[in-house]
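In: Need coordinates for the below:
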Amino acid sequence: MPVNLTRNSIAAILDGDVNSKPLVQVLDIKLIGSNQERYRFLLSDTVSTQQAMIATQLNDLVKSGEVRKGSVIQLIEYICSAVQNRKIIVILNMQTIIPDCEIIGNPVIPTGADSAAGNALANDSNNNNSAVYPVRGSNAKVIGPSKSNNAPNFRPTVQPAYQPPPNYKNHGPVVKNEAPARILPIAALNPYQGRWAIKARVTAKGDLRRYNNARGDGKVFSFDLLDSDGGEIRVTCFNAVVDRFYDVIEVGKVYMISKGTLKPAQRNFNHLKNEWEIFLESTSTVDLCPDEDVSIPQQQFNFRPISEIESAENNSILDIIGVVISVNPSVPILRKNGMETQRRIINLKDMSGRSIELTLWGDFCNREGQELQESFDSGYFPVIAVKAAKVNDFSGKSVGTISSTQLFINPDIPEARNLAEWFHRGGKDFASQSISRDVMPLGGKNEIRKTLSQIKDEGLGRSEKPDWVTVKATISFIKTDTFCYTACPLMIGDRQCNKKVTKSGNTRWVCDRCNQEFEECDYRYLLQAQIQDHSGVIWVTAFQESGEEILGCSAKELYTLKSEEQDDDRFAELIRSKIFVPYLFKLKIKEETYGEEQRVKTTVVRADRIDYAAESRHLLDSISKNRKR
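Out: Down below sits the predicted model:
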């Protein structure tokens, strides 16, 4: 097949022309790089030669033999970069025109070539004192080495004056320049590519957010993509681009996306394992793929056992799966910007022997949270998988939802099926230690059941570190005149302030820590109660979460019932319904200083209703152990 290379195209590229699509010939190919395979080409335009590097996503063209020594190729996308003060062409996309061809023209190549110009790409540092070889067919003739010891670094020689790119008239067959963008795996994307396209499924879509900065008002949204090779990447749209694509993007659908810009991922907001992020522009295209691609999974998880979260970094993003063992009521929270949101705390347990709190925020409380509440109230323990939960290390380790979080209740995946089977075969009765709130340490007397009299008789709580015990007891009295306090509802980061607030005027509240006023405060439990067992009675204090576990409602709901609705009968009945109900109390016992007085304070870390089957097994086990003594 007769073909004419694009004469002087190498000189044009070195002078900055990267818009044409010239035909060149590959004189040599060399594999370089120790950490990552890279291929270096020696290119010819019949007059000059020039070193070129191909992008790693094109390696398969060399490995398959589609491109080899002698191949005539068309450069589709490329850039010219300076490497060690010399220029090199970086090929981002190319097309093979003739797989195998005799050397065309009389290109000039650098020193170090063998008779077939096979080793022309020698190390960059060895290009001084170079000789040049004119090439005709497969024979090379030495013109002679340079004798100067101060010869400059090699540059392509015999480069005639620049000529405009040819129009291919009377120069053999015309090759179409507008080749379609090649579909690449997400893992192969990099900013040095020109035309590219990816085919991927949308696994998550963020909310439309509005912002204000020095440049004015704006809006933004993001969505996450997953391809058939398991590669993930985030796509972000701003302002006018939001209007084009926000209603187009649907979670679960597969799209062909091209003509975006790749920039470094913003790690503060992006949890995906990809160093790049796609920013769509006015020229970008997003096309729905009509046929469902079963090769692309619906979702990809990287679950961490709860026991590993204990050592996870604060604010890190991870995936978690567990069985729901408790669901707390949804309570309103006021954010620092004055907007109200909802919060609901649930507890998860897995096969690692640990449990953890998962905090649901906003719409998650009323959507998935309500579904979990109804399942749990009906006696069912659902499995929940959490994609992109944020770790919080305030008073122990917990996880919470963020805007990109996804919740899957009883998902049809092997991890969920295995967890449910374990739980129903006996995992439900296995003791698990919470890593949330105050973390109960392992070992020693901390895991031994105590009676209330033993707490006093053994002097628990008077050492340097607190003591942790579990007691089976009932509530004999609840102090109802001061069962809660007025708390700051503003959010500091991903945590509520919770500091006690005071009235400012008749209707507003003020927080000294946040130095802000607001219309409504929050109400948090500061519940004081007596608990008793067969051996004695002690006073305990239950804060917000444990107070909700005991009374079954939020402090705000109870305050409203008593102080605003003034329904004394309902209030009294609710309190009476909790008296003499047996619980397993997990207690933290620590000596504290009040003024100049040392007193032992007992705090309820957790209050679990008695599981009589599990409790019976515990008693039988205790009897068996005592018989053997």
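In: Contacts only, for the residue most central in space within the chain.
Out: Nearest to the mean C-alpha position of the chain, counting by Cα atoms, centre = their mean, stands His271 at 2.4 Å. Contact analysis of His271 by Cβ atoms under 8 Å, 6 or more residues apart in numbering lists Ile317, Ala388, Ser404. Where C-beta positions appear, they are placed from N, C-alpha and C, glycine not excepted.
In: Which ones among the residues you listed lie within strands?
Out: Ile317, Ala388 (DSSP state E).
In: neighbour-wise, which of the contacts of His271 leads?
Out: Within the contacts of His271, Ser404 tops the neighbour count with 22 neighbours, counted by other Cβ atoms under 10 Å.
In: so Leu61 sits in a strand?
Out: No - with DSSP: H, G, I helix; E, B strand; the rest coil as the criterion, Leu61 is assigned helix and is not in a strand.
In: Quick check: closest non-adjacent residue to it.
Out: Of all residues not flanking Leu61 in the chain, Val67 sits nearest, at 4.6 Å (Cβ to Cβ, 6 or more residues apart in numbering).
In: residues near that neighbour, how many?
Out: For Val67, the count of nearby residues is 24 (other Cβ under 10 Å).
In: do the same with Gly400
Out: By the criterion of other Cβ under 10 Å, Gly400 has 20 neighbours.
In: For Gln342, see how far away the residue nearest to it when sequence neighbours are not counted is.
Out: Counting by Cβ to Cβ, 6+ apart, Thr359 is the residue found nearest to Gly400 once chain neighbours are left out, at 3.9 Å. Per Cβ to Cβ, to the nearest Å, Thr359 is found 11 Å from Gln342.
In: More neighbours: which of these two?
Out: Shown here are Thr359 and Gln342; by other Cβ under 10 Å, Thr359 has more neighbours (21 against 16).
In: close enough to count as contact, the more buried one and Arg344?
Out: Yes - using Cβ atoms under 8 Å, Thr359 makes contact with Arg344 at a distance of 7.5 Å.
In: May I see the domains of this structure written out as residue ranges?
Out: Per automatic domain parsing, the structural domains of the chain span 9-140, 186-288, 306-434, 444-483+526-620.
In: I'd like to know which of these is closest to Cys514.
Out: Nearest of these to Cys514, taken as Cβ to Cβ: domain 306-434 at 7.0 Å.
In: before we move on, back to that, so after whatever helix or strand the residue nearest to Gly400 lives in, what's the next helix or strand?
Out: Using DSSP states H and E, the element containing Thr359 is strand 354-361. The first helix or strand that comes after strand 354-361 along the chain, using DSSP H and E, is helix 363-366.
In: show me the contacts for Leu584.
Out: Thr470, Val471, Lys472, Ala607, Asp608, Arg609, Ile610, Glu615 are the contacts of Leu584 under Cβ under 8 Å, 6+ apart.
In: Correction: the previous question concerned Val471.
Out: Counting by Cβ under 8 Å, 6+ apart, Val471 has contacts Arg449, Lys450, Thr451, Leu452, Ile455, Ile531, Asp533, Leu584, Phe585, Leu587.
In: Report the strands that pair with the strand or helix carrying Val386, each with its relative direction.
Out: Secondary structure assigned from DSSP H and E places Val386 in strand 383-392. Applying DSSP bridges, strand 383-392 is found paired with strand 317-327 (antiparallel), strand 398-400 (antiparallel), strand 406-409 (antiparallel).
In: what's the spacing between Ala55 and Lys63?
Out: With Cβ to Cβ as the criterion, Ala55 and Lys63 are 14 Å apart.
In: So for the two, which residue has more residues nearby?
Out: Comparing Ala55 with Lys63 by other Cβ under 10 Å, the one with more neighbours is Ala55, at 21 against 12.
In: My guess is the more buried one contacts Met94. True?
Out: No - the criterion here is Cβ under 8 Å, and Ala55 misses it with Met94 at 9.5 Å.
In: about what we covered before: make a ChimeraX selection of the buried ones in the contacts of Val471.
Out: Buried members of these, defined by 16 or more other Cβ atoms under 10 Å, are picked up in ChimeraX with:
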select :450,451,452,455,531,533,584,585,587
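In: Looking at the contacts of Val471, which are in strands?
Out: Short answer: the contacts of Val471 in strands (DSSP E) are Ile531, Asp533, Leu584, Phe585, Leu587.
In: For these, which two are the farthest from each other?
Out: Asp533 and Leu587 (12.1 Å).
In: that older thread, what is the strand holding Thr359 packed up against?
Out: Packed against strand 354-361 by the contact rule (3 or more Cβ pairs under 8 Å, 6 or more residues apart in numbering; DSSP states H and E) you find helix 306-309, strand 317-327, strand 340-349, strand 383-392, strand 398-400, strand 433-434.
In: before we move on, the earlier item: check contacts around the residue nearest to Gly400.
Out: Thr359 is in contact with Arg343, Arg344, Ile345, Asn392, Ser398, Val399, Gly400, Thr401, counting by Cβ under 8 Å, 6+ apart.
In: Nearest approach to Glu557 belongs to which of the helices and strands packed on strand 354-361?
Out: Closest approach to Glu557 among the helices and strands packed on strand 354-361 (Cβ to Cβ): strand 340-349, 13.3 Å.
In: Adjacent strands (with direction) for that closest one?
Out: Paired with strand 340-349 in the same sheet, following DSSP bridges, are strand 317-327 (antiparallel), strand 331-334 (antiparallel), strand 354-361 (antiparallel).
In: What average pLDDT does stretch 44-52 get?
Out: Average pLDDT, stretch 44-52: 91.
In: and if you look at stretch 314-332?
Out: Throughout stretch 314-332, pLDDT has a mean value of 88.
In: Begin at 410, not 1, for the rest of this chat.
Out: Right, with 410 as the first residue, what we last looked at is stretch 723-741.
In: what's the longest helix in this structure?
Out: The helix spanning the most residues in the chain, taking DSSP state H as the definition, is helix 1021-1037.
In: Show me which residues of it are buried.
Out: His1027.
In: contacts for that helix?
Out: Contact partners of helix 1021-1037, identified using Cβ under 8 Å, 6+ apart, comprise Lys837, Asp838, Arg858, Lys881, Leu993.
In: And for stretch 474-486?
Out: Outside stretch 474-486, the residues touching it (Cβ under 8 Å, 6+ apart) are 412, 414, 430-438, 470-471, 498, 500-513, 525, 527, 584, 586, 588, 602-604.
In: Which entries within these meet the buried criterion?
Out: The neighbour-count test (16+ other Cβ under 10 Å) applied to those identifies 414, 430-438, 470-471, 498, 500-504, 506, 510, 512-513, 525, 584, 602, 604 as buried.
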